[in-house]
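# Below: sequence and its predicted model.
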Amino acid sequence: MADRLQGKLALVTGGGSGLGEAICTRFAQEGATVIVNDLRAEAAERVAAAVGGHAAPFDVADSAAVADAFAKVAANHGRLDVLVNNAGIAPPTTPAEAEDRTAQVLQQISELQAGGPVTTFLDVTVDMTDEAWRQMLSIHLDGTFYCTREALKIMNPQMAGCIVNMGSIMGTSGGAGAPHYCAAKAAILGLTRSVAREVVLRNIRVNAIAPGYIDTPLLEVMTPTMKGLIAAQTPMQRLGDPDDIAWAAVYLASDEAKYVTGQTLSPNGGWHMSQ
Ligand SMILES: NC(=O)c1ccc[n+]([C@@H]2O[C@H](COP(=O)([O-])OP(=O)(O)OC[C@H]3O[C@@H](n4cnc5c(N)ncnc54)[C@H](O)[C@@H]3O)[C@@H](O)[C@H]2O)c1
């Protein structure tokens, strides 16, 4: 089967890399026309050319730029069937900081294994600047809201549509060392359920994907040792592939999921057994 999204017009934010790129690729293979957004114009253009779609570079955290981009979608295409709110960042981390974090985690583990006392602590929250907090919330949460609002201006009158938001297992499990990322992802899951209830009678479905750890450029902030520790803690003993998430997005965007709204689908290798 390669027609699960036949004839649909989809816009994927952050489509120039990782999960977004895999989603654009699978969407196109399943018959969708894809509008590839990314902050990095060259990445959006590369993926758009590869999938035979259209590039739409803009910053999802810029309200005016988002409104302008969706107005162009309405003017050029007259409709929008699927929005995937996927753009995101990991906490900016230098290689030296990543090494330090790995050393801290290994030290904590060895202190715990030795029966304590634990004297190594992560002090991420007290050290976090306002700017780092705001940047994370603005790209993930504001960006998801801005794109959702503008997409609904097209979807509401057409009385049909589908929105897929990229959450994370971090939105429910939390994760030491990334309070801003976890807060943003938790908020996205709440936003998903609220908007899902609001637009359900317009035949618009809103769902989320909460990936586990997936091997993409986002995880370049982690050392190989840290990735190994994560794989070892994952029941499937490996990080996920971008395609593991792309297939979840294909399902949620397709009519196969016509009775599914307000849900969080979590391909995570068994890290969480329920969401
Ligand atoms: N990789 C994982 O393990 C993982 C796990 C759970 C959730 N996620 C989420 O999946 C999404 C995609 O992550 P990925 O792993 O593919 O990362 P990635 O870094 O490979 O791709 C993210 C893309 O988003 C783009 N982007 C960043 N800020 C943007 C902005 N303001 N406007 C438009 N585009 C912007 C980047 O340029 C990049 O191309 C993110 O929301 C991330 O939080 C990733």
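All right, it came through fine.

# tell me the contacts of the residue nearest the centre of the chain?
Geometric centre of the chain, nearest residue: residue 166, 3.1 Å, by C-alpha atoms, centre = their mean. Residue 166 sits next to 14, 19, 84-86, 88, 188, 208-209, 211 when contact means C-beta atoms under 8 Å, 6 or more residues apart in numbering. Where C-beta positions appear, they are placed from N, C-alpha and C, glycine not excepted.

# So which bits of the stretch 51-200 of the chain are right by the ligand?
59-61, 86-89, 139, 143, 166, 168 (C-beta under 6 Å from any ligand atom).

# Mind giving me the packing neighbours of the longest helix seen in the chain?
The longest helix of the chain (DSSP state H) is helix 179-199. With contacts taken as 3 or more C-beta pairs under 8 Å, 6 or more residues apart in numbering; DSSP states H and E, helix 179-199 sits against helix 130-137, helix 143-158, strand 161-166, helix 170-173, strand 204-209.

# could I get these as CSV with mean pLDDT?
Shown next, in CSV, are the helices and strands packed on helix 179-199 (pLDDT from 0 to 100):
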stretch, mean pLDDT
helix 130-137, 97
helix 143-158, 98
strand 161-166, 98
helix 170-173, 94
strand 204-209, 98
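
# Same list (the ones you listed) but as JSON lines, adding distance to residue 246.
Formatted as JSON lines, those follow (distance: least, C-beta to C-beta, whole Å):
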{"stretch": "helix 130-137", "distance to residue 246": "24"}
{"stretch": "helix 143-158", "distance to residue 246": "19"}
{"stretch": "strand 161-166", "distance to residue 246": "11"}
{"stretch": "helix 170-173", "distance to residue 246": "20"}
{"stretch": "strand 204-209", "distance to residue 246": "10"}
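
# Quick check, the residue in the stretch 51-200 of the chain closest to the ligand?
residue 88 (2.4 Å; C-beta to the nearest ligand atom).

# so what's that residue up against?
Contacts of residue 88 (C-beta under 8 Å, 6+ apart): 14, 139-140, 166, 218.

# How is it classified with respect to secondary structure?
Look at residue 88: counting by DSSP: H, G, I helix; E, B strand; the rest coil, its state is coil.

# what about it, distance to residue 213?
Applying C-beta to C-beta, to the nearest Å, the value for residue 88 to residue 213 is 14 Å.

# go on, residue 251?
21 Å.

# wait, residue 176 sits on residue 120?
No. Residue 176 is beyond contact range of residue 120, at 11.9 Å (criterion: C-beta atoms under 8 Å).

# Send over the longest helix of the chain as PDB, restricted to the C-alpha atoms.
Once non-C-alpha atoms are left out, helix 179-199 reads as follows in PDB (Å, rounded to 0.1, in the frame of the first residue of the first chain):
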ATOM      1  CA  PRO A 179      12.900  20.900  33.000                       C
ATOM      2  CA  HIS A 180      12.100  23.400  30.300                       C
ATOM      3  CA  TYR A 181      12.000  20.700  27.600                       C
ATOM      4  CA  CYS A 182       9.800  18.400  29.800                       C
ATOM      5  CA  ALA A 183       7.500  21.300  30.700                       C
ATOM      6  CA  ALA A 184       7.000  22.200  27.000                       C
ATOM      7  CA  LYS A 185       6.300  18.600  26.000                       C
ATOM      8  CA  ALA A 186       3.800  18.100  28.900                       C
ATOM      9  CA  ALA A 187       2.100  21.300  27.900                       C
ATOM     10  CA  ILE A 188       1.900  20.100  24.300                       C
ATOM     11  CA  LEU A 189       0.100  16.900  25.400                       C
ATOM     12  CA  GLY A 190      -2.400  19.100  27.400                       C
ATOM     13  CA  LEU A 191      -2.900  21.400  24.400                       C
ATOM     14  CA  THR A 192      -3.500  18.400  22.200                       C
ATOM     15  CA  ARG A 193      -6.400  17.100  24.300                       C
ATOM     16  CA  SER A 194      -8.000  20.500  24.800                       C
ATOM     17  CA  VAL A 195      -8.000  21.400  21.100                       C
ATOM     18  CA  ALA A 196      -9.100  17.900  20.200                       C
ATOM     19  CA  ARG A 197     -12.300  18.400  22.300                       C
ATOM     20  CA  GLU A 198     -12.800  21.900  20.800                       C
ATOM     21  CA  VAL A 199     -12.700  20.900  17.200                       C
END
